[in-house]
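Engineer: whatever this is, show me its structure:
(one chain, ligands or ions: 1)
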Amino acid sequence: MRLGKFGLVGLMVCTGSFANAGQVESQDVKMINLAHQSGCVTCHAISGAGKGPNGLKPIGPAWQDVARKYGRDPDAKAALVTTVLHGSSPYQSHWKGEVSGVAMPPNSVVLNEAQANELVDWILHLAD
Ligand code: HEC
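Structural biologist: Numbers count the residues shown, from 1 in each chain. Model prediction:
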């Protein structure tokens with residue numbers, strides 16, 4: 001099963017606070033598909049296991065680490081959506097020394113603002 005590949009089985013266990021597990025699962029599948037289609041998984045793993053889906057060290061931070069860093073900050077989401085759409089600055093890296101990539105390229109060619117919003121919202125809840 002696909003989800004196991006990303007270590008999401010553990011995540012599913014942790015999302016017990018949701019009323020309908022079926023809905024959670026379908027949102028996970030939808031967001032994982034969107035991340036694949038948008039090329040995010042080339043550089044990001046979902047869990048902090050240390051390796052990307054291709055077995056190599058991830059270029060960007062694992063998304064559970066992103067959730068741990070910003071999940072409690074109410075202002076983070078808008079800034080992250082902007083970063084996802086327009087890219088990050090190599091001069092103001094938020095993950096310097098923690099990840100092998102220096103900056104994220106703009107992703108607005110592969111996903112629109114609504115999709116970026118939905119994806120970031122999902123990412124920010126991965127540490128729940
Ligand atoms: C070419 C590699 C690459 C791709 C493709 C990529 N990212 Fe990133 N991403 C990075 C790097 C490198 C960073 C760390 C940037 C930094 O240090 O500030 C990052 C950081 C992030 C962050 C945290 C930003 C911050 O300010 O801390 C989020 C959220 C994120 N990426 C989401 C995505 C999403 C969603 C996609 C797909 C639409 C995506 N990334 C595609 C390389 C990538």
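
Engineer: distance of the residue nearest to residue 127 when sequence neighbours are not counted from residue 106?
Structural biologist: Distances taken as CB to CB, 6 or more residues apart in numbering put residue 67 closest to residue 127, at 3.6 Å, once the chain neighbours are dropped. From N, CA and C alone the C-beta is placed, and that goes for glycine too. Distance check for residue 67 against residue 106: by CB to CB, to the nearest Å, it reads 22 Å.

Engineer: and those two? Which one has more around it.
Structural biologist: Neighbours of residue 67 and residue 106, each counted by other CB atoms under 10 Å, are more numerous for residue 67; the result is 21 against 12.

Engineer: counting residues, which helix of the chain comes out longest?
Structural biologist: The longest helix of the chain (DSSP state H) is helix 21-37.

Engineer: dump that one to PDB, restricted to CA.
Structural biologist: Extracted C-alpha coordinates of helix 21-37, given in PDB (Å, rounded to 0.1, in the frame of the first residue of the first chain):
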ATOM      1  CA  ALA A  21     -11.000   8.400   9.700                       C
ATOM      2  CA  GLY A  22     -12.200   7.800   6.100                       C
ATOM      3  CA  GLN A  23     -12.100  11.500   5.400                       C
ATOM      4  CA  VAL A  24      -8.700  11.900   6.900                       C
ATOM      5  CA  GLU A  25      -7.400   9.000   4.700                       C
ATOM      6  CA  SER A  26      -8.800  10.500   1.500                       C
ATOM      7  CA  GLN A  27      -7.400  13.900   2.300                       C
ATOM      8  CA  ASP A  28      -4.000  12.200   2.900                       C
ATOM      9  CA  VAL A  29      -4.200  10.400  -0.400                       C
ATOM     10  CA  LYS A  30      -5.300  13.600  -2.200                       C
ATOM     11  CA  MET A  31      -2.400  15.600  -0.800                       C
ATOM     12  CA  ILE A  32       0.200  12.900  -1.400                       C
ATOM     13  CA  ASN A  33      -1.000  12.700  -5.000                       C
ATOM     14  CA  LEU A  34      -0.800  16.500  -5.300                       C
ATOM     15  CA  ALA A  35       2.700  16.500  -3.800                       C
ATOM     16  CA  HIS A  36       3.800  13.900  -6.300                       C
ATOM     17  CA  GLN A  37       2.200  15.600  -9.300                       C
END
